[in-house]
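[1] fold the following and give me the result.
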Amino acid sequence: PNEEESNTATKLYQDLDEQYNTPITDPSYVGRKFLAFSRYTVDSKHINKGLIDAYKHDEPLELNPYAHREVGAIDQPLNAHIKPAPFYFHVYTGIGSGLNIMQHRENVSHTMFFPAYTSTTPLPLIANKFSKRSTDKPDYSEILRIHIPKGSEYGTHLGSAAELSNEAEFLLHRGTLLHYTDEPRIVKLKHPYSNEVKTVIVHNARIIRQTRSLKSK
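    Residues are numbered from 1 along each chain as shown. The predicted structure is shown next:
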């Protein structure tokens with residue numbers, strides 16, 4: 001996320017909203033999409049925790065009836081609102097304090113499996129709001145930059161159909177296997193209004209595949 005990317009991020013958000021959320025003949029489309037994903041946006045933490053716990057303990061998701069029910073309710077609208085990516089672009093997600101991303105980067109395959117749904121955004125500053133301090137470099141926060149290829153169907157852009165539309169959310173399907181590329185970069189993100197500057201570690205990754213399940217293979 002250099003200065004050029006930050007300057008064009010807002011236009012990217014608008015272009016994605018036009019591709020994913022502009023109906024040709026149905027003016028109620030955005031409202032219905034909002035309702036379809038409202039269950040996730042209200043309670044994503046508990047839903048994703050159920051997916052992560054099932055993956056960590058190698059247990060069936062059915063053991064958590066709430067998460068199992070909600071996952072089915074989210075998969076359905078995700079599948080219904082899939083559209084091929086109109087062009088290639090990048091999205092960002094904040095890295096939580098409980099995730100030692102450097103440890104995952106250093107495994108043999110340089111891969112990492114995300115069993116839960118992943119909320120991302122084309123706006124680096126928004127992603128940084130949801131990141132924590134790095135376990136390796138406490139002075140910096142960490143964000144992950146994910147490449148979305150043209151024509152891919154890895155998720156859907158909620159954007160104006162999301163509860164917090166200013167976050168420009170792009171929701172990735174569960175069961176995403178990522179491959180880390182390049183070396184992490186240290187960059188400075190400057191807020192366009194307050195001029196506040198944040199020092200951030202940026203990790204680059206591409207999606208290898210999505211299993212839509214609790215297994216990485």
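[2] going by C-alpha atoms from here, please, whenever you check contacts or count neighbours.
    Will do.
[3] Y92 contacts L125, correct?
    No. Proximity of Y92 to L125 does not meet the contact threshold set by CA atoms under 8 Å, at 9.1 Å.
[4] which parts of this protein are strands?
    Applying DSSP state E to the chain gives strands spanning 89-94, 111-114, 118-120, 141-148, 155-157, 170-172, 176-190, 197-210.
[5] flag the shaky bits of the chain, pLDDT-wise.
    Residue ranges of the chain with pLDDT under 70: 1-7, 97-100, 102-105, 107-108, 134-138, 192-193, 213-217.
[6] now with 50, please.
    Applying pLDDT under 50 to the chain flags residues 1.
[7] what residue in it is the furthest from its centre?
    What lies farthest from the middle of the chain is T25; by CA atoms, centre = their mean that is 29.1 Å.
[8] returning to what we had before: can you redo the strands of the chain as TSV with mean neighbour count and distance to L61?
    Written out in TSV, the entries for the strands of the chain read as follows (neighbours: other CA atoms under 10 Å; distance: least, CA to CA, whole Å):
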stretch	mean neighbour count	distance to L61
strand 89-94	22	25
strand 111-114	20	15
strand 118-120	22	18
strand 141-148	23	27
strand 155-157	25	21
strand 170-172	21	19
strand 176-190	17	17
strand 197-210	18	17
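[9] same list (the ones you listed) but as a markdown table, adding distance to D43.
    Formatted as a markdown table, the strands of the chain follow (distance: least, CA to CA, whole Å):
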| stretch | distance to D43 |
| --- | --- |
| strand 89-94 | 18 |
| strand 111-114 | 18 |
| strand 118-120 | 13 |
| strand 141-148 | 22 |
| strand 155-157 | 18 |
| strand 170-172 | 14 |
| strand 176-190 | 20 |
| strand 197-210 | 23 |
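[10] rewinding a little: for the residue farthest from the centre of the chain, give its distance to G72.
    28 Å (CA to CA, to the nearest Å).
[11] just I95 next, same as before
    26 Å.
[12] which of these two has more residues huddled nearby?
    Per other CA atoms under 10 Å, whichever of I95 and G72 has more neighbours is I95, with 24 against 10.
[13] contacting residues for that one?
    By CA atoms under 8 Å, 6 or more residues apart in numbering, the contact list for I95 reads I101, F130, S131, K132, S141, E142, I143, L144.
[14] quick check, nearest of those residues to F34?
    Proximity to F34 was ranked across the contacts of I95 by CA to CA; first place goes to F130, at 21.7 Å.
[15] in the sheet, who's paired with the closest residue to that closest one other than its chain neighbours?
    In this structure, F130 finds its nearest non-sequential neighbour in G94, 4.9 Å apart by CA to CA, 6 or more residues apart in numbering. Beta bridges link G94 to I143 when assigned by DSSP bridges.
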